[in-house]
Every structure is written in C-alpha cells, then in structure tokens.
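Trainee: mind looking at a prediction? Sequence and model below.
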Amino acid sequence: MKSRIVIAAAVLAAAAVACGGSDTPAGTDGGADNAVEAGRAVYRGSCRACHGSDGEGVDGLGKPLVDSEFVDGLDDAALAAFIAEGRPADHPDNTTGMEMPPKGNNSSLTDEDLANVVAYIRSLQ
C-alpha cells in the first residue's frame, strides 16, 4: 500500500511538471519570480531602448529607474498607472524634454504586463 502511494505521488508530480505545473512549494516567492521574469521580457521589448538594459537610463532619452526618487516614491499601483499613462514632452514635470509614450508605445500591454514590469523594476533596486 505504501509503495502505491509513493508511486501515485511520483506520477502526479511528473504530470504536474509535464503540464506546466511548478515544483515550487506553495507559499514561496515562485509567483513573484514569475512576475519578475515576465516583466523583464516586457521591459526588454518596450522600455529598454530609453531606460537602458538594467534601468540605468539613457542620456537624452529616458531617466534612470534604479535609485530613482520618483520611482521609489510611488507605490506599485501608482507606478503601473504612470507607465500606462506616460508623460508628454511638454509636461511641466518632464525634465528630459522627451515624451514617455503611454505603455512604452506598446498599446497591447495589459494590466498584468504593467504589474509585471513594475515587479521587474523593483527587482533592479
């Protein structure tokens, strides 16, 4: 009987992995890690050109995101909303004179994508 339980558990674990399940125990930060990785992919496609590979900024284009008082001063929801809205070049708080396009000029980004980008940006800190 005990060997049947062990075999059944092994089969279920293998099936979960084969079907895309995770071997990360519940309650760990596997979900946060997934959000950061997903955010990294979105960041690379929509943000990196102006804000640099690691959020260090690009002179004349995008401000640094690492060690940024602005980024650090916003909670996650406010930062996601800012990314969604962007900032026009003529906005009084724009110090680069360059537009930050809404959603990094990728209108297909979802709220989940934006939350993942925020998770990635926070991971750079």
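Mentor: Done, it's in. Numbers count the residues shown, from 1 in each chain.

Trainee: give me the below-cutoff pLDDT ranges for this structure.
Mentor: Under the criterion of pLDDT under 70, the regions of the chain flagged as low confidence span 1-30.

Trainee: for it, what spans make up the helices?
Mentor: Assignment of helices within the chain using DSSP state H yields the ranges 2-18, 30-46, 48-51, 69-72, 76-85, 111-124.

Trainee: of all those helices, which lies closest to Thr95?
Mentor: helix 69-72 (9.7 Å; CB to CB). For every residue, glycine as well, the C-beta is placed using N, CA and C.

Trainee: list the buried residues of the closest one.
Mentor: The neighbour-count criterion (16 or more other CB atoms under 10 Å) identifies Val71 as the buried residues of helix 69-72.

Trainee: report all helices and strands that it contacts.
Mentor: Judged by 3 or more CB pairs under 8 Å, 6 or more residues apart in numbering; DSSP states H and E, helix 69-72 has no packing partners among the helices and strands.
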